[in-house]
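Undergrad: Predicted structure and sequence below. I'll ask about it afterward.
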Amino acid sequence: MPIAWTTDLNTGIDVIDQQHRRIVDYINDLEMANIGRDLQAVGRTLDELVDYTLSHFAFEESLQEEAGYQYCKPHRKVHELFIRRINEYVERYKRGEDITTELHKLLSAWLINHIRRDDADYVVAVKANMVGIIAEKEKKMDRGWLSRFFR
């Protein structure tokens with residue numbers, strides 16, 4: 001069954017929410033490829049899902065580090081363990097095992113749980129940092145404009 005995006009999965013950080021939606025799309029694409037028994041599409045989608053998820057994790061972790069999120073290291077560890085687990089599925093797939101149904105269940109449950117629990121924990125810190133960065137940039141822009149105006 002495809003994952004339907006619901007508003008309770010939104011973190012309130014647009015770029016993160018867009019990335020999470022893209023991961024959901026990959027998971028749903030994986031299921032469709034499995035239903036169609038298109039093994040090439042399964043392999044291609046699995047590779048794309050892993051690559052995209054790795055880049056998403058790196059981006060998310062960089063936001064946490066920049067914000068000084070106190071649980072950044074444990075969050076990174078959760079990501080590392082998840083990737084290790086997914087790589088085991090990739091290896092099984094490469095050996096010819098049909099892992100798609102099992103993998104879809106894992107991905108669906110893990111992603112929703114991770115967004116609602118683990119990701120929800122860092123949102124306040126990251127949003128506060130983003131607001132601070134924007135305010136600082138606006139302040140610099142205002143000073144630049146004012147000084148040019150009075151010259």
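TA: Looks like it came in fine.

Undergrad: the helices in the chain, which residues?
TA: Counting by DSSP state H, residue ranges of the helices within the chain are 14-35, 39-67, 72-94, 100-113, 120-150.

Undergrad: What count of nearby residues applies to Ile112?
TA: When counting by other Cβ atoms under 10 Å, one arrives at 16 neighbours for Ile112. All C-beta atoms are positioned from the backbone trio N, CA, C, and that covers glycine.

Undergrad: In a markdown table: the helices of the chain, plus distance to Pro2 and mean pLDDT.
TA: Written out in a markdown table, the entries for the helices of the chain read as follows (distance: least, Cβ to Cβ, whole Å; pLDDT from 0 to 100):
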| stretch | distance to Pro2 | mean pLDDT |
| --- | --- | --- |
| helix 14-35 | 4 | 93 |
| helix 39-67 | 13 | 93 |
| helix 72-94 | 19 | 94 |
| helix 100-113 | 9 | 91 |
| helix 120-150 | 23 | 68 |
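
Undergrad: Same question for stretch 101-108: list its buried residues.
TA: With burial defined by 16 or more other Cβ atoms under 10 Å, the residues of stretch 101-108 counted as buried are Leu103, His104, Leu106, Leu107, Ser108.

Undergrad: from those residues, which is closest to Phe57?
TA: Leu107 (14.0 Å; Cβ to Cβ).

Undergrad: With adjacent residues omitted, what lies nearest to the closest one?
TA: Counting by Cβ to Cβ, 6 or more residues apart in numbering, the nearest residue to Leu107 once its immediate chain neighbours are dropped is Ile27, at 4.8 Å.

Undergrad: Also Met130?
TA: In space, not counting the residues next to it along the chain, Met130 is nearest to Ile13; the distance is 7.3 Å by Cβ to Cβ, 6+ apart.

Undergrad: these two touch, right, the one you found and Asn129?
TA: No. Counting by Cβ atoms under 8 Å, no contact exists between Ile13 and Asn129, whose distance comes to 10.5 Å.

Undergrad: Common neighbours of these two, please.
TA: Taking Cβ atoms under 8 Å, 6 or more residues apart in numbering as the contact definition, Ile13 and Asn129 share the neighbouring residues Leu63.

Undergrad: show me what contacts the residue lying closest to Asn34 once chain neighbours are set aside?
TA: Closest residue in space to Asn34, ignoring its immediate chain neighbours: Thr100 at 3.8 Å, by Cβ to Cβ, 6+ apart. For Thr100, the contacting residues are Leu30, Glu31, Ala33, Asn34, Val42, Tyr93, by Cβ under 8 Å, 6+ apart.
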